[in-house]
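Q: Requesting a structural model of the entry that follows:
(one chain, ligands or ions: 1)
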Amino acid sequence: MSKDILNFINGEYVKNASGRTYEKRNPVDDSLVGLVHEAGKPEVDAAVAAARAALRGPWGRLSVAERCAMLDGLVAEINHRFDDFLQAEIADTGKPAHLASHVDIPRGAANFQVFTDTIKNASTESFEMRTPDGKTARSYGVRVPRGVIAIICPWNLPLLLMTWKAGPALACGNTVVVKPSEATPSTATLLGEVMNKVGVPKGVYNVVNGFGVDSAGAFLTAHPHVNGITFTGETKTGAAIMKAGADGIRPVSLELGGKNAALVFADCDFDNAVATVTRSCFENAGQVCLGTERVYVQRPIFDKFVQALKGQAEAMKPGRPFDKATKIGPLVSKVHQKKVLGMYQKAKDEGATIVTGGGIPDMPADLKDGCWVQPTIWTGLPETATVVTEEIFGPCCHIQPFDTEDEVLNMVNANRYGLATSIHTQDISRAMRLAAAIEVGLCWINSWFLRDLRTPFGGSKQSGIGREGGLHSLEFYTELRNVMVKY
Ligand code: NAD
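A: Below you'll find the predicted structure:
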């Protein structure tokens, strides 16, 4: 049964003045999930005004400990309503239940806890000095919230990536206006109910639904009363958001696209490398910003590795999210399916050898209208080929052989993105040399997607600006004020 997906403004679910709605469809079978009420300028204005007022209301008067206790209550309440969040996330994304229940929802909740721990333990500096007239002065730092934070989200890990920003923003005492992806509005909207349940004051957390250009996203980022913009999404959207932030000199935090490489040396633990690269290429149907789309394998094990990865790709059974046999879900939308299939065609046109996949899997009649694509592996392309240089964001990779460390380093770094990499070798000296030389924000050795949330997260080059995670998040979500006392 279809539902209305509304905006959440000043503690209430509201429709919009324009009456504009769009259909959110389930990518598994194209069934209708709900009608999303697209926020226009009036709703964005109301959300920002509510967030601004809440800064000085009861929210602003809470002590850090009181604020954190309230946010910790959110974690408990999200877990209490785990199934509601799970169903909502799965209806929007079509991802397998085992993935959403182990990653999206628990991590989405844990993001609040991590940052309440961080802010409770964050210290500031203090210096004493003599003044010219022989007195003493002491200066000390005070962390203050930045103000109203606009949070613009993608669709691949909707709740998790949203709370990765809302968690630190709220822990630091800011208020937020969230613009979820148009493709995945449900969990951010549902979180409004949880905010009300645990007593978060009205206006602290707001959600405006809609699109980017000429819609809620652009209205929000251009709003003069937004004090900072934090964004996760494509690099070209990041550039537009940076321009919007320039008006009014508002800071931006940007987590952008990637074209991540995995380096597999002949001395690796072969089974671990195959299992890890399988996950990094195909998990969440390849719709993970940290995912691998370029695999470089040292020549002595090249053929064996290609065959092993082919076997794994062909074992990824597509199906319904709650079917236990399902290993891979659909892509998020028809629009994205068209983009990925266009890239599959491009690989063919540019002369790739298709090791496996390359099209749409044969699905049963009830799933035929879903956004399915086959896990796909190519070999034989030059490093300049489109699918080797451009982000695809689908379950696919190109595998390139290499001989030497220098050769692979040059190939890996010759890309405009610099988000993540993984290195598979038993030679720890080589791994550490490469980890320092590869131009990325995140490097895994003999692993992938293993995260300690206290550590910095973010991309180099065109993969982003700024680092979030642990204390690093405070740089964006707070301002450090200096106070000097003469006595
Ligand atoms: P996208 O850039 O198309 O959209 C992201 C969000 O921005 C959406 O909410 C969209 O409505 C909004 N938006 C679009 N144009 C806008 C504008 N002009 N002004 C304001 N808002 C606008 O990205 P997507 O397709 O939703 O997500 C996939 C991309 O996200 C991939 O490139 C992926 O690599 C990237 N990503 C990066 C990370 C990371 O941590 N670096 C994590 C996840 C996803």
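
Q: For residue 380, see how far away residue 403 is.
A: Residue 403 sits 17 Å away from residue 380, taking CB to CB, to the nearest Å as the criterion. Glycine gets a C-beta too; all of them are placed from N, C-alpha and C.

Q: Comparing these two, which residue is more hemmed in?
A: residue 380 (16 against 10; other CB atoms under 10 Å).

Q: For the residue lying closest to the more buried one once chain neighbours are set aside, give me its contacts.
A: Leaving aside its sequence neighbours, residue 380 sits nearest to residue 353 (CB to CB, 6 or more residues apart in numbering; 4.0 Å). By CB atoms under 8 Å, 6 or more residues apart in numbering, residue 353 lies in contact with 378-380.

Q: Pick the one among those closest to residue 297.
A: Proximity of the contacts of residue 353 to residue 297 (CB to CB) peaks at residue 379, which lies at 9.7 Å.

Q: Show me what that closest one is bridged to.
A: residue 353, residue 399 (DSSP bridges).

Q: residues contacting the residue of the stretch 1-150 of the chain found nearest the ligand?
A: Residue nearest to the ligand within the stretch 1-150 of the chain: residue 150 (8.6 Å; CB to the nearest ligand atom). Contact analysis of residue 150 by CB under 8 Å, 6+ apart lists 176-177, 179, 220-221, 223, 226, 228-230.

Q: what is it paired to in the beta sheet?
A: Counting by DSSP bridges, residue 150 is bridged to residue 177, residue 229.

Q: what about residue 384, neighbour count?
A: There are 9 residues near residue 384, going by other CB under 10 Å.

Q: what about it, which SS state?
A: Following DSSP: H, G, I helix; E, B strand; the rest coil, residue 384 is assigned to coil.

Q: Among the contacts of residue 150, which one sits closest to residue 487?
A: residue 228 (34.7 Å).

Q: Hmm, the closest one is touching residue 248, no?
A: No - Residue 228 is beyond contact range of residue 248, at 10.5 Å (criterion: CB atoms under 8 Å).

Q: Spatially nearest residue to the residue nearest to the spatial centre of the chain, not counting backbone neighbours?
A: Nearest residue to the geometric centre of the chain (CA atoms, centre = their mean): residue 161, 4.2 Å. Counting by CB to CB, 6+ apart, residue 161 lies nearest to residue 232, which is 5.2 Å off, once chain neighbours are set aside.

Q: Run a quick neighbour tally on that neighbour.
A: Counted with other CB under 10 Å, residue 232 comes out at 25.

Q: for it, what are its contacts?
A: Residue 232 neighbours (CB under 8 Å, 6+ apart): 152-154, 161, 164-165, 254-256, 289.

Q: Strands - which of those land there?
A: 152, 254-255 (DSSP state E).

Q: so which of those residues is the most crowded?
A: Most surrounded of the ones in strands among the contacts of residue 232: other CB under 10 Å gives residue 152, at 28 neighbours.
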